[in-house]
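**Student:** just coords:
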């Protein structure tokens, strides 16, 4: 543990910045890729893709962790719609971010990182508290 900005944190991991900004919240982990176009309801933030590991759960107000995006390029605009409708994730962490998610988070001002050091991606758990700092390219686990 070490002190960061006056708070005790358990671990600070380096990552690649996809979109700048910072956000702190509860982590929501999916082992499945996410298609934002057709897979996430842009009005509610609920995962609606049949059979998806997070089907029925909301991404709104969460630090959303998933391996990568998939599907149509319209997914970028779906992320933007989520933000405009105030049901977007607070931040996104990917194993490796592809272009659809990258464009979506950048145009929506959603902090996003990927390529966590120490292969820490696999150790993230739903419900834990984390801070994504896209300005510095770090993930802080509480």
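**Tutor:** Yep, that arrived. Fair warning: this is a prediction, and the values are worked out from it, not measured in the lab.
**Student:** Nearest residue to residue 54 in space, please, no chain neighbours.
**Tutor:** Among residues not flanking residue 54 along the chain, residue 47 sits closest, at 4.3 Å (C-beta to C-beta, 6 or more residues apart in numbering). Quick note: C-beta positions are derived from backbone N, CA and C, even for glycine.
**Student:** err, residue 117, not the other one
**Tutor:** residue 14 (4.6 Å).
**Student:** So what pairs up with that neighbour in the strands?
**Tutor:** Residue 14 has the following beta-bridge partners by DSSP bridges: residue 138.
**Student:** Kindly state the beta-bridge partners for the residue most central in space within the chain.
**Tutor:** What sits nearest the mean C-alpha location of the chain, by C-alpha atoms, centre = their mean, is residue 92, with 1.5 Å. Here residue 92 shows beta-bridge partners residue 64, residue 112, assigned using DSSP bridges.
**Student:** For the chain, which residues score under the pLDDT cut-off?
**Tutor:** Applying pLDDT under 70 to the predicted model, the residue ranges of the chain that meet it are 1-9.
**Student:** give me that answer again for 90
**Tutor:** In the predicted model, the chain carries pLDDT under 90 at residues 1-11, 118-123, 142.
**Student:** And the strands in it?
**Tutor:** When secondary structure is read from DSSP state E, the chain shows strands at 2-4, 7-9, 11-14, 16-19, 22-29, 63-66, 91-94, 112-114, 129-133, 138-141.
**Student:** Out of the ones you listed, which is the most enclosed?
**Tutor:** Among the strands of the chain, ranked by average contacts under mean count of other C-beta atoms under 10 Å, first place goes to strand 91-94 (a mean of 28).
**Student:** which other helices and strands contact that one?
**Tutor:** For strand 91-94, the helices and strands in contact under the criterion 3 or more C-beta pairs under 8 Å, 6 or more residues apart in numbering; DSSP states H and E are strand 16-19, strand 22-29, strand 63-66, helix 99-108, strand 112-114, strand 129-133.
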